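**Q** Predicted model and sequence below, questions to follow.
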Amino acid sequence: MMNYATYNPVPLWQSFMPLKKEIKNTVSNDVYSLQQFPEGFWDQFNPLTYFGKWAAVEVSNFDTIPVSMYSLVIPSGCYVVFDYKGDGSDAPAFFEAIFSSWIPNSEYVVDNRPHFEILGEKYRKGDPNSEEEIWIPIRLKLI
């Protein structure tokens with residue numbers, strides 16, 4: 001659990017990456033940075049509100065998950081996907097634009113499912129040419 005007021009995902013990744021090689025049934029080399037927010041998190045944003053944070057990989061099945069890890073099934077649904085390029089220094093402004101401009105001006109609202117970023121082969125931590133995909137769960141606004 002973490003919050004945005006004291007956000008520091010480094011310890012999570014430092015504990016996950018050495019164990020990643022123990023996962024034998026990965027689908028690709030991509031890693032996922034995943035967030036599970038409580039219901040209403042984006043309706044009344046508070047940087048002190050805690051949420052779940054995962055470092056993850058996609059697997060073909062759960063048969064060989066190491067005992068120190070957990071499995072998670074991401075429910076299906078509609079997602080809006082943004083391509084982010086940069087070293088991460090402007091990521092907070094990028095996300096703020098999504099939640100304060102793009103979503104409110106769209107025909108969608110944020111859905112209560114996991115949010116995630118796919119850190120694929122073009123991802124390079126701290127590199128200005130790094131690229132990743134940002135997946136935000138959405139559903140149509142109720143009229």
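**A** Received, thanks.
**Q** Please point out which parts of the lengthiest helix in the chain sit buried.
**A** Identified as the longest helix of the chain according to DSSP state H is helix 10-20. Neighbour counts using 16 or more other Cβ atoms under 10 Å place 16, 20 of helix 10-20 among the buried residues. The C-beta positions use only the backbone N, C-alpha and C, and glycine is treated the same way.
**Q** helices or strands up against that helix?
**A** strand 52-56 (3 or more Cβ pairs under 8 Å, 6 or more residues apart in numbering; DSSP states H and E).
**Q** Packing partners of the strand it packs on?
**A** Applying 3+ Cβ pairs under 8 Å, 6+ apart, one finds that strand 52-56 makes contact with helix 10-20, strand 31-36.
**Q** Turn the ones you listed into TSV, including mean pLDDT and distance to Asn129.
**A** Below are these laid out as TSV (pLDDT from 0 to 100; distance: least, Cβ to Cβ, whole Å):
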stretch	mean pLDDT	distance to Asn129
helix 10-20	94	20
strand 31-36	97	18
